[in-house]
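>>> Just a sequence and a predicted model for now, questions to come.
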Amino acid sequence: MSNTNGQAIRAFFNKMKSFREATILLTIIIFSVIISFLAPNFLTVDNLKTTAIGMSADGIIAIGMTVALVSGGFDLSVGSILGVSSVIAGVAYLAGVDIWIGCLISVAICLLFGLFDGLLIGKVGINPFIITLGMMQMARGVAYVVTTGSPQSLASVPEAFSFLGQKDVLGLPFIVLIFIVLAVAGDILMRKSSPFRKVFYIGSNQKAAKLSGINVSKTKIGVYMLTAFLASISGLLTLSRFGVATPTAGQGTEMRVISAAVIGGASLSGGQGTILGAVLGTVLLNLINNALVLLKVSVYWQQLISGLILILAVTIDHISHLNKKSLKTKKSIFTSSNAVINNK
Amino acid sequence: MKKWLLKPIYLLIIVVMAMGLVLSGCSSTAQVSDSAAEQEEPAEAAAAQVEDEAPAAAEAQDTGAAFGADPNEEYYMVTFLSGIEYWKGCYKGFEAAGKLYGVKTIYGGAAEYDVNQAVTVFEQIIANKPAGIAVSCINPDAYIEPIKKAMDAGIPVVTFDADSPNSGRYAFLATGNVAAGETAAKYLADALGGEGDVAVVTLPGQLNHEERCAGFVDYIEANYPNMKVVQTANGGGEQTTAATAASGILQANPSVKGLFCTDATSGVGAVAAISETNRTDVKIVSFDTDKGTLDAIKAGTIEASIAQGTWNMGFWAFQQLFQLKHDLINPTEGWEEKGINPLPPYIDTGVNVVTKDNVDAFYVSE
């Protein structure tokens, strides 16, 4: 890949991205302003802090999910891997293993799960839906087998470990800090680093990517190992936060995270998406949930309303995206055809 | 890597994954019966009964024979979501009762929360012609026909924990959930001195949780004029979701002094929420007795929890099945033909409040 080619594509995506994120950011701001009038407790340090803690586990996973979506796939197993990760570390600790070694074992096993997914999706070429669905059940199954269904309590875990999920650093909860660091690193890598740029090529046009010399299967293996790794980190942080390894931890995470990434501009058909967008998507979803509780909306109405807001947000985003896109069509065709020429 | 090498490697991966899937599917069911069969000591609360049972089990053959029991008789306990902690207590009671009579007890049920699979497993068990079945019904209507089928085949059926009232089963044994909610309300209200705001984290749409919630709310309203249930939130059955819901409640209602969580996972979430919002004065009453909840009671982060009589459910369900199977109950001559139910049709297996004082009695050794 030549440098000019990379730059051209980068410029093209950057324009799409900066626009995309502006819409969600605006949505978040308008939403926050409205809610802050309706619920005086909304814009308080305490509320924002607890909301931030609550979204961190999902947010860390959303980083990996965006990469998977950009590559043209997705990963349904992340919630289960979160669960199995926290359970393996917890059970290892209760069996007398040092908690940090337990964490390493847990991350290693989750990476193996990711490698399995990646090999079958990338090398063998099976559909990511069915493979990660299978892995979702398998990993959850492992969590049940390891715990025989019982939540494992880590009452006497070393303070250094419970620090991760329970304490503040520089006024920020450590778990939120980790989320921010990972998100910033992920966003920069997605924009600048060549291995991550390859993911965009593969997601936009797998055949062209292959012809231009990109090792598609290797990249895809990397993608699913990344999603598993981040889910595993999220699981360990969840374990530290609650001090209990529950086999059901992370149930339903996958759908929340996929919708956050899509709200943030990621495309289910691949080739599009940014970490910043996914983070903003996570923020929006969590603010909506927070607002529903603060406004004391009846529990029976909450799902209906949050579903409605979700559809509304994505529709507004899509329509405004269409308008802007039609203005830019000429230029984008130019840049992308340029890229193809450069590739040859 | 050589191409000829890749094929067998993929094949191996597929086989390993397939085995993994199969294992993960069935182990959760198998695991429970295995662990139960390992002769673990049940909850110490039940230890008394179990110790009595040890000699009884030794002569079980004779005891059983006295009642005409064949040691190969098989009694099934059938559940759904069969891997979860909750059923273990039920099966321990069932197993303990089975040992008294020297017959076989078997635990089974679908691993998923899925009506179809749960009913399928139940029907497969009927096909084995067991001596009796205690079943927890994932859906009341879905079990009407299958239970009728079993009863017609001469297999006595009782339901526990979750009922199928129109199926013709002999009896239903369960926690009175409204009463459990009332017990929680009374405890929390007294702990708060009968004053202040409280809130509930529950699982809306699930009958048992709705009943606990309603029992709690109504009892507070009726008996504590200076207290108010200000909000009900959805814990979602997952700890992160529950923590978010609980912190929302605490933000929206600075006056809240107590939380009632209708499931243990919400309790875990609530503990994180009160520490993250620095509201450690808020008292939590949770539900059930997994180790996480018990440890939290010991540490003082959870004030109390409501323990269900799961052991009782299993133990008395078995007793009823055995009595029926061996025609030991005869309230009136020809009750079967006259359509008279020989059993108490509903048994409330009761609740206990677990606090710092008695928490040690509820630990189950692993």
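Arrived safely, thanks for sending. Since this is a predicted model, take the numbers as computed values, not measurements.

>>> mind listing the strands in the stretch 51-200 of chain A by residue range?
Using DSSP state E, counting those that start in this stretch, the strands of the stretch 51-200 of chain A run over A:152-153, A:168-169, A:172-173.

>>> In a markdown table, list those along with mean neighbour count and distance to B:Asp141.
(Each C-beta comes from the backbone N, C-alpha and C, glycine too.) Output for the strands of the stretch 51-200 of chain A, formatted as a markdown table (neighbours: other C-beta atoms under 10 Å in any protein chain shown; distance: least, C-beta to C-beta, whole Å):
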| stretch | mean neighbour count | distance to B:Asp141 |
| --- | --- | --- |
| strand A:152-153 | 24 | 36 |
| strand A:168-169 | 13 | 51 |
| strand A:172-173 | 18 | 47 |
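
>>> Ok, which of these comes nearest chain B?
Closest of the strands of the stretch 51-200 of chain A to chain B is strand A:152-153, at 4.1 Å (criterion: C-beta to the nearest C-beta).

>>> list the helices and strands the closest one packs on?
helix A:78-94, strand A:244-245, helix B:291-299 (3 or more C-beta pairs under 8 Å, 6 or more residues apart in numbering or on different chains; DSSP states H and E).

>>> Just the residues contacting stretch B:149-158, thanks.
By C-beta atoms under 8 Å, 6 or more residues apart in numbering or on different chains, the residues outside stretch B:149-158 that reach it are B:123, B:126, B:129-135, B:147, B:167-173, B:317, B:320-321, B:324-325, B:343.

>>> List the buried residues in that stretch.
Going by neighbour count (16 or more other C-beta atoms under 10 Å in any protein chain shown), the buried part of stretch B:149-158 is B:149-151, B:155-158.

>>> quick revisit: of all the strands of the stretch 51-200 of chain A, which one is nearest A:Met190?
strand A:172-173 (23.4 Å; C-beta to C-beta).

>>> does chain B sit close to that closest one?
Yes: remark: strand A:172-173 sits within contact range of chain B at A:Pro173, by C-beta under 8 Å from any C-beta of the partner chain.

>>> That strand: partners in the sheet, and parallel or antiparallel?
Strands adjacent to strand A:172-173 in the sheet, as given by DSSP bridges, are strand A:168-169 (antiparallel).

>>> tell me the mean pLDDT over the partner strand?
Strand A:168-169 comes out with an average pLDDT of 86.

>>> Also stretch B:124-139?
pLDDT averaged over stretch B:124-139 gives 92.

>>> How far away from the center of its chain is that stretch?
With C-alpha atoms, centre = their mean, to the nearest Å as the basis, stretch B:124-139 stands 17 Å off its chain's centre.

>>> Spell out whether that stretch and chain A are in contact.
No: remark: stretch B:124-139 sits outside contact range of chain A, by C-beta under 8 Å from any C-beta, the gap being at least 14.7 Å.

>>> Buried ones in that stretch, by neighbour count?
In stretch B:124-139, counting by 16+ other C-beta under 10 Å, buried: B:125-126, B:130-138.

>>> so can I have TSV of the buried residues of stretch B:149-158 showing pLDDT?
Shown next, in TSV, are these (pLDDT from 0 to 100):
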residue	pLDDT
B:Lys149	92
B:Ala150	94
B:Met151	94
B:Ile155	95
B:Pro156	95
B:Val157	96
B:Val158	96
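
>>> In helices, which of the buried residues of stretch B:124-139 fall?
Counting by DSSP state H, the buried residues of stretch B:124-139 place B:125-126 in helices.

>>> Redo the buried residues of stretch B:124-139 as JSON lines? Include distance to B:Cys261.
Output for the buried residues of stretch B:124-139, formatted as JSON lines (distance: C-beta to C-beta, whole Å):
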{"residue": "B:Ile125", "distance to B:Cys261": "34"}
{"residue": "B:Ile126", "distance to B:Cys261": "37"}
{"residue": "B:Pro130", "distance to B:Cys261": "37"}
{"residue": "B:Ala131", "distance to B:Cys261": "39"}
{"residue": "B:Gly132", "distance to B:Cys261": "35"}
{"residue": "B:Ile133", "distance to B:Cys261": "32"}
{"residue": "B:Ala134", "distance to B:Cys261": "28"}
{"residue": "B:Val135", "distance to B:Cys261": "28"}
{"residue": "B:Ser136", "distance to B:Cys261": "22"}
{"residue": "B:Cys137", "distance to B:Cys261": "25"}
{"residue": "B:Ile138", "distance to B:Cys261": "23"}
